[in-house]
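mind folding the following:
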Amino acid sequence: MIYQIFSRIDVCSYDEKSIASNEKDTEFQFVLSRLIARICKDHPYHGIIQLIALSNGRNVIGRHATTFLDNVGNSKVEASSNLLRLLEKGDPDDLAPLIQSYKIVIDAYIDLAIAPTKQYSERKITKNIPIRDIVRENKSKYQPLDTCLRRCSQRKPCVLTQIPAIRPGTDYGDGTDAPVGSEFIKAFDSKCSITETGIHRPKIIMCIGSNGGKFKQLVKGDGKKFFNRIRCLF
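Alright, predicted model coming up:
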């Protein structure tokens, strides 16, 4: 349901006191924006990631970029970016640090997802590849995935492939302990692997949770930032 709700967001006029629509966009976007804001405030671990994903729309590159932007549109990117900025300025106070932490981690995931692996596959190197060596090829401004958590000092994000259970009472804690059903991201292994086959050779990483859980994740970019895939391997 969250994916369907968020996909309807579109550009409208905002102010810092309330999320209001202009005359042309009228009531629907006004109500929708307030609903999305409430979801992100009451259920931050279920809404923030989707909103950040939409706001990254202009970063789409590669052969599917035009198709994606035709379907999503610049106005959705602008609307989600505006809403994120408002959420970072508003209440509760701990929401802004959590949004920033998710942005840092997601940027690092994206950076790794789109990093080329041709030089490794050609030499048949598929295991124990330092993450920083892969992303160095991008000449990126972002911190590598295995060290990016140093910048998430105030609020740790949850493991992206192990989101918390929905809490009807919105009681996800104060950030000291991980919400029920999930773990905070404690660390990433500094080395990754690439798949033995495949055109784009997705990377296989290990995410370590705050309760000791180990989550093997597949990070696939195909040169398209928004379309990077992160999923569990069972």
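
show me the shaky parts of the chain.
Within the chain, the stretches falling below the threshold (pLDDT under 70) are 12-26, 58-73, 138, 199, 222-234.

let me see the domain layout of it.
By the assignment in automatic domain parsing, the chain contains the domains 1-91, 116-234.

okay if I get the ones you listed as CSV plus mean neighbour count and distance to Ser101?
C-beta coordinates here come from the backbone N, C-alpha and C atoms, glycine included. Output for the domains of the chain, formatted as CSV (neighbours: other Cβ atoms under 10 Å; distance: least, Cβ to Cβ, whole Å):
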stretch, mean neighbour count, distance to Ser101
domain 1-91, 16, 9
domain 116-234, 16, 4
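
dump these to a markdown table, plus distance to Val105.
Below are these laid out as a markdown table (distance: least, Cβ to Cβ, whole Å):
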| stretch | distance to Val105 |
| --- | --- |
| domain 1-91 | 10 |
| domain 116-234 | 5 |
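
for the chain, just list every one of the strands.
129-130, 185-188, 191-194, 203-209, 214-220, 229-232 (DSSP state E).

format the ones you listed as a markdown table; extra columns: distance to Leu95.
Shown next, in a markdown table, are these (distance: least, Cβ to Cβ, whole Å):
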| stretch | distance to Leu95 |
| --- | --- |
| strand 129-130 | 34 |
| strand 185-188 | 18 |
| strand 191-194 | 31 |
| strand 203-209 | 22 |
| strand 214-220 | 25 |
| strand 229-232 | 23 |
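
show me what the longest helix along the chain is packed up against.
Determined from DSSP state H, the single longest helix within the chain is helix 95-114. Counting contacts by 3 or more Cβ pairs under 8 Å, 6 or more residues apart in numbering; DSSP states H and E, helix 95-114 packs against helix 44-55, helix 74-89, helix 131-136, strand 203-209, strand 214-220, strand 229-232.

just give me the residue right at the centre of the protein.
Ile106 (4.0 Å; Cα atoms, centre = their mean).

okay but that one is in contact with Gln50, surely?
No: Ile106 is not in contact with Gln50 according to Cβ atoms under 8 Å; the separation is 11.1 Å.

sorry, back to before: for the residue nearest to the centre of the chain, which non-adjacent residue is spatially closest?
Spatial nearest neighbour of Ile106, chain neighbours left out: Ile52 (5.7 Å); criterion: Cβ to Cβ, 6 or more residues apart in numbering.

relative to Ser153, how far out is the one you found?
19 Å (Cβ to Cβ, to the nearest Å).

re the thing from before, so what's the residue nearest to Ile106 up against?
80, 84, 99, 102-103, 106 (Cβ atoms under 8 Å, 6 or more residues apart in numbering).

recalculate using a threshold of 7 Å.
84, 102-103, 106 (Cβ atoms under 7 Å, 6 or more residues apart in numbering).

picking that back up, so which of the strands of the chain is nearest Met1?
Closest approach to Met1 among the strands of the chain (Cβ to Cβ): strand 229-232, 20.1 Å.

tell me which residues are up against stretch 140-149.
The contact list for stretch 140-149, computed with Cβ under 7 Å, 6+ apart, reads 104-105, 107-109, 111-112, 131-132, 135, 151, 185, 187-190, 205.

how long is it end to end?
Distance between the boundary residues of stretch 140-149 (Cα to Cα, to the nearest Å) amounts to 17 Å.

related to what we said a few turns ago, so for Arg167, which of the helices and strands packed on helix 95-114 sits nearest?
Among these, helix 44-55 comes nearest to Arg167, with 9.4 Å by Cβ to Cβ.

okay, angle between the closest one and helix 95-114 too, please.
If you take axes from the mean of the first three to the mean of the last three Cα atoms, to 10 degrees, helix 44-55 sits at 50 degrees to helix 95-114.

relative to helix 74-89, how tilted is helix 44-55?
With the same axes, to 10 degrees applied, the angle from helix 44-55 to helix 74-89 works out at 140 degrees.
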